[in-house]
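>>> What shape does this take:
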Amino acid sequence: MGQQPVSSSPQWNKTRVSSRLGIEYPIIQGPLGGLSTQRLTANVSNFGGLGSFGAHGLSPSAIKDVIAEIRSLTSKPFAMNLWVSMEDEGARTSGSEAFSRSLAAIAPHIQALGGTLPTYTPYVPVKFEDQVRVLLDAKVPVFSFIVGIPPKEVLDECRAQGIVTIGTATTPDEAIAIEQAGGDVIVASGFEAGGHRGSFLLRSEDSLTGTFSLLPQVVDAVSVPVVAAGGIADARGIVAAFALGAEGVQIGTAFLACEESGASVHHRNALLSGQAKQTALTRGFTGRLARGIKNRLLDELNRKDTEILPYPLQRALVRHLSIPAEKAGRTDLLPLWAGQSANLSRCTDAHALLNSLVREVSEIGSAVQNWSAHRQPVDTQR
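Just a heads-up that it's a prediction; the model follows:
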């Protein structure tokens, strides 16, 4: 058995988010897309936070197996995350010629690493409707979603079954739309966040608002509880988010650096060794706008003359480079997802990370209270 969570002041962790989700601490582990693991999800939930598993890249049968394994590891609430929009315009009509043009940008790297150049195969879609059916049938505790809003009948069934819903907004208008659709909790995701942007009303490039600007606007725009995401990596970020009206936080990159995540050792080392000082946005990794560590691959795929396939075709294409690059330890040629606060990552163990967050938030809160109680009033008389 690991060390028990430290005790904390009830003032900060007893919020509508913790109450609605049935958790002790209003700290949500970001879904982490294809780098989720059942172990990390369960460990965060067992501590008292909300573990999340990003399942958008999985088949319905695989999602069913994941849910079963998570439930074998924890009896606490956890979230399954899906993308409402599973493909971009043009994905079903993109042909072999576009494939060849996009492959040309990475083919020399694949060959230099001893990899096999892929050949064109027609796109076979995975449907959101089939994935979410598994979540509903399994009666998962929490269903979180990005890149859109599920159909009304899905959200109605969630309410009927007591499944809590969490929607991601990158603008105040998106937050309003999620609330009007019946979402229980809203994640306000600033553009500092690692991984994909969850925008759905406007283009992602037109929805790039920082967390400190976005969060209070969303809090003012909706009545449901709001969770802050993007650039939050330590206790200072949590306290700042709460000061702006958040009732919970979602943290991704700091958990990605932990050994329980699905990130490779090379990816985790990059997050912990100072290589993540500079991040950038790109569509080159998957076809959708996302943030990762600025490296050679990101720079090359961001060139104006590089043709990028629609999501998820570009994602599948780049994977043919990622596999041999991973084997060779070539972090300059890997998509290394990371938020702008990646350089604050310190912990390699999820339990230790959560323990430090809970302890330090309480300590900062006590210090602020003491300062407020003893500070001298400002003399405004001149």
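>>> List the buried residues for whichever strand or helix holds Gly237?
Using DSSP states H and E, the element containing Gly237 is helix 235-243. For helix 235-243, burial by neighbour count (16 or more other C-beta atoms under 10 Å) applies to Ala235, Gly237, Ile238, Val239, Ala240, Ala241, Phe242. Every residue, glycine included, has its C-beta placed from N, CA and C.
>>> Strands of the protein, residue ranges please.
Assigned by DSSP state E, the strands in the chain fall at 27-29, 51-54, 78-83, 142-146, 164-169, 185-189, 195-196, 226-229, 248-251, 279-282, 290-293.
>>> Show me what the fourth one is in contact with.
Contacts with strand 142-146, where a contact means C-beta atoms under 8 Å, 6 or more residues apart in numbering, come from 21, 31, 50, 52, 77-84, 132, 135, 158, 163-168, 187, 196, 198.
>>> can you do 7 Å?
Identification of contacts with strand 142-146 by C-beta atoms under 7 Å, 6 or more residues apart in numbering yields 21, 31, 50, 52, 77-84, 135, 158, 163-168, 198.
>>> can I assume Ile149 is in contact with Gly167?
Yes: the criterion here is C-beta atoms under 7 Å, and Ile149 meets it with Gly167 at 6.4 Å.
>>> So for those two, which residues contact both of them?
Common neighbours of Ile149 and Gly167 (C-beta under 7 Å, 6+ apart) are Ile178.
>>> Out of these two, name the residue with the larger neighbour count.
Ranked by neighbour count (other C-beta atoms under 10 Å), Ile149 and Gly167 place Gly167 first, with 28 against 24.
>>> hey, what's that one bridged with?
Judged by DSSP bridges, the bridge partners of Gly167 are Phe145, Ile186.
>>> Check what pLDDT Gly54 gets.
Note for Gly54: predicted pLDDT of 98.
>>> Okay, and the beta partners of it?
What pairs with Gly54, by the bridge criterion (DSSP bridges), is Asn81.
>>> Around the residue nearest to Arg92 when sequence neighbours are not counted, count how many other residues there are.
Leaving aside its chain neighbours, Arg92 sits nearest to Tyr123 (6.0 Å; criterion: C-beta to C-beta, 6 or more residues apart in numbering). Other residues near Tyr123 come to 17 when the count uses other C-beta under 10 Å.
>>> Check Glu259 too.
There are 13 residues near Glu259, going by other C-beta under 10 Å.
>>> From the buried residues of helix 235-243, pick the one nearest Val66.
Of all those, Val66 sits closest to Ile238, with 28.1 Å by C-beta to C-beta.
>>> close enough to count as contact, the closest one and Ala228?
No: using C-beta under 7 Å, Ile238 is not in contact with Ala228; the gap is 8.3 Å.
>>> Now do the shared contacts for the two.
With C-beta under 7 Å, 6+ apart as the test, Ile238 and Ala228 both reach Val249.
>>> Where does the prediction get shaky in the stretch 251-382 of the chain?
367-382 (pLDDT under 70).
>>> can we see that at 80?
The model of the stretch 251-382 of the chain has pLDDT under 80 over residues 365-382.
>>> One more: the stretch 1-150 of the chain?
Using pLDDT under 80, the flagged stretches of the stretch 1-150 of the chain are 1-10.
>>> Tell me where it has helices.
10-13, 16-21, 38-47, 60-73, 96-103, 107-112, 128-138 (DSSP state H, counting those that start in this stretch).
>>> can you pull the contacts of Leu281?
Leu289, Ala290, Arg291.
>>> From what I see, the last one and Gly339 are in contact.
Yes: when contacts are counted by C-beta under 7 Å, Arg291 is listed as touching Gly339 (6.3 Å).
>>> neighbour-wise, which of these two wins?
For Arg291 versus Gly339, the count of surrounding residues by other C-beta under 10 Å is larger for Gly339: 31 against 25.
>>> Spatially nearest residue to that one, not counting backbone neighbours?
Gly194 (3.5 Å).
>>> if we can go back for a sec, so what sits against both of Arg291 and Gly339?
By C-beta under 7 Å, 6+ apart, Arg291 and Gly339 have these common neighbours: Ala193, Gly194, Thr279.
>>> If we ignore the residues flanking it in sequence, what's nearest the first one?
Okay, so that is Ala193. Distances taken as C-beta to C-beta, 6+ apart place Gly230 nearest to Ala193, at 3.7 Å, with adjacent residues excluded.
>>> so what pLDDT did the one you found get?
98.
>>> Dihedrals phi and psi, it?
The phi/psi pair for Gly230 (degrees, to the nearest 10) reads phi 110, psi 100.
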